[in-house]
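A.B. asks: Test case, fold it:
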Amino acid sequence: MTGTLCRRAQCRFLIVTADDFGLHEAVNEAVEQASRAGVLTAASLMIAAPAAADAIRRARQLPDLRVGLHLVLAEGDAMLAPDLIPGLADAAGRMNGRMFVNGVRFFVSPRLRRQLEAEIHAQFSAFARTGLKLDHVNVHKHFHLHPTLLEMLLRIGREFAVPAVRVPDEPIWFAAGCNWLAGANAVLLAPWIALMKRRLHAARMPHNDRLFGVAASGGMDEAKLLTILGRLPPGITEIYLHPAVQSGPVIAESMTRYRHADELAALLSPRVRAAIAAGGFGYGGYTDAARRTGP
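C.D. replies: All right, here's what the predicted structure looks like:
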């Protein structure tokens, strides 16, 4: 499912994902509504988040929803007890959002890397205990662009038969259309994206060709979805959103400007549903893409 197979056949496959499943019951309710409406195909579960149990219960009742693991290694709740990972989490079990500083620490501290490995393994194990079929793995804030985290994800993930990993390769035309800073960021990240894809290919790990939702995180409304669907190229495309039935800091303090309800409205939009139906492309989760495009 490496995209090359899909392009060879000139097929187009679409994955529509909700991130932060389990963060809040308002998110879980939106995921359920969007899945039942037939537009949302997948959700990425925060296994240690406050509403994870509610998300798991709902997922078991949604046979068409593909569920992946949204590994949280920054700005979120840890799975392990704080005394087991003192370098990662505070006394309340919360991991901070200082990704640049922590990224440097991961490089230089073997002790911290051992704690990181333990937390990643714990989150994989907790997902396995749900009994849900694992569709994919991605990392909160796309922290797996960090080479150390990607190596750990791939190595530990082999034990849990990870079927696919998200690559945050957002087309520059879309990022720049959101704002110039996002466009510049997409250009700066291009070498790291290329390195990630090389490592995934070397590990024979399936992945998407491109991703939409980074530059417009929290603002993926109907107009943006229709623009993407009108320009969907060959290959495997993932669009990710953050839907919820409420918006803003009620979901998380870091999401003050997120328009969660607008993103849910986009997923429930008849115009979006019609554009997908008229598109003539494959549609589902990562495991569905693998069945359609090859191993």
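
A.B. asks: max-length strand in the protein?
C.D. replies: The single longest strand within the chain, with elements called by DSSP state E, is strand 12-21.

A.B. asks: For it, enumerate the helices and strands it packs against.
C.D. replies: helix 25-37, strand 42-45, strand 66-71, strand 235-241, helix 270-279, strand 282-283, helix 286-293 (3 or more CB pairs under 8 Å, 6 or more residues apart in numbering; DSSP states H and E). Just so you know, the C-beta spots here come from the backbone N, C-alpha and C atoms, and that holds for glycine as well.

A.B. asks: Swap in 6 Å and give it another go.
C.D. replies: On a contact count with 3 or more CB pairs under 6 Å, 6 or more residues apart in numbering; DSSP states H and E, strand 12-21 meets helix 25-37, strand 42-45, strand 235-241.

A.B. asks: Any chance of the ones you listed in CSV with mean pLDDT and distance to Val167 as columns?
C.D. replies: Shown next, in CSV, are these (pLDDT from 0 to 100; distance: least, CB to CB, whole Å):
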stretch, mean pLDDT, distance to Val167
helix 25-37, 97, 23
strand 42-45, 98, 14
strand 235-241, 97, 9
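
A.B. asks: Of these, which is nearest Ala51?
C.D. replies: helix 25-37 (4.9 Å; CB to CB).

A.B. asks: Pull out the buried positions in that closest one.
C.D. replies: Glu25, Ala26, Val27, Asn28, Glu29, Ala30, Val31, Glu32, Gln33, Ala34, Ser35 (16 or more other CB atoms under 10 Å).

A.B. asks: For it, C-alpha coordinates in CSV please.
C.D. replies: Output of helix 25-37 as CSV, limited to C-alpha atoms (Å, rounded to 0.1, in the frame of the first residue of the first chain):
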residue,chain,number,x,y,z
GLU,A,25,-17.2,12.8,25.1
ALA,A,26,-18.0,15.7,22.8
VAL,A,27,-15.4,14.4,20.4
ASN,A,28,-16.7,10.8,20.7
GLU,A,29,-20.2,11.9,20.0
ALA,A,30,-19.1,13.7,16.8
VAL,A,31,-17.1,10.6,15.7
GLU,A,32,-20.2,8.5,16.1
GLN,A,33,-22.4,10.9,14.2
ALA,A,34,-19.9,11.3,11.3
SER,A,35,-19.3,7.6,11.1
ARG,A,36,-23.0,6.8,10.9
ALA,A,37,-23.5,9.5,8.3
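
A.B. asks: okay, the angle between it and strand 12-21?
C.D. replies: 150 degrees (axes from the mean of the first three to the mean of the last three CA atoms, to 10 degrees).

A.B. asks: Could I get the average pLDDT for the helix or strand Ala261 falls within?
C.D. replies: Under the criterion of DSSP states H and E, Ala261 resides in helix 260-268. Averaged over helix 260-268, pLDDT sits at 96.

A.B. asks: what angle do that helix and strand 12-21 make?
C.D. replies: Using the same axes, to 10 degrees, helix 260-268 lies at 150 degrees relative to strand 12-21.

A.B. asks: which helices and strands does helix 260-268 pack with?
C.D. replies: By 3+ CB pairs under 6 Å, 6+ apart, helix 260-268 packs against helix 25-37.

A.B. asks: and if we set it to 7 Å?
C.D. replies: In terms of contacts (3 or more CB pairs under 7 Å, 6 or more residues apart in numbering; DSSP states H and E), helix 260-268 is packed against helix 25-37, helix 222-230.

A.B. asks: which parts of the shortest one are buried?
C.D. replies: The reference is to helix 222-230. Result for helix 222-230 [16+ other CB under 10 Å]: buried residues Glu222, Lys224, Leu225, Leu226, Ile228, Leu229.

A.B. asks: For the residues you listed, give me a markdown table that also has pLDDT.
C.D. replies: Below are the buried residues of helix 222-230 laid out as a markdown table (pLDDT from 0 to 100):
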| residue | pLDDT |
| --- | --- |
| Glu222 | 96 |
| Lys224 | 96 |
| Leu225 | 97 |
| Leu226 | 97 |
| Ile228 | 96 |
| Leu229 | 96 |
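
A.B. asks: just curious, which of those residues is nearest to Arg291?
C.D. replies: Leu229 (22.3 Å).
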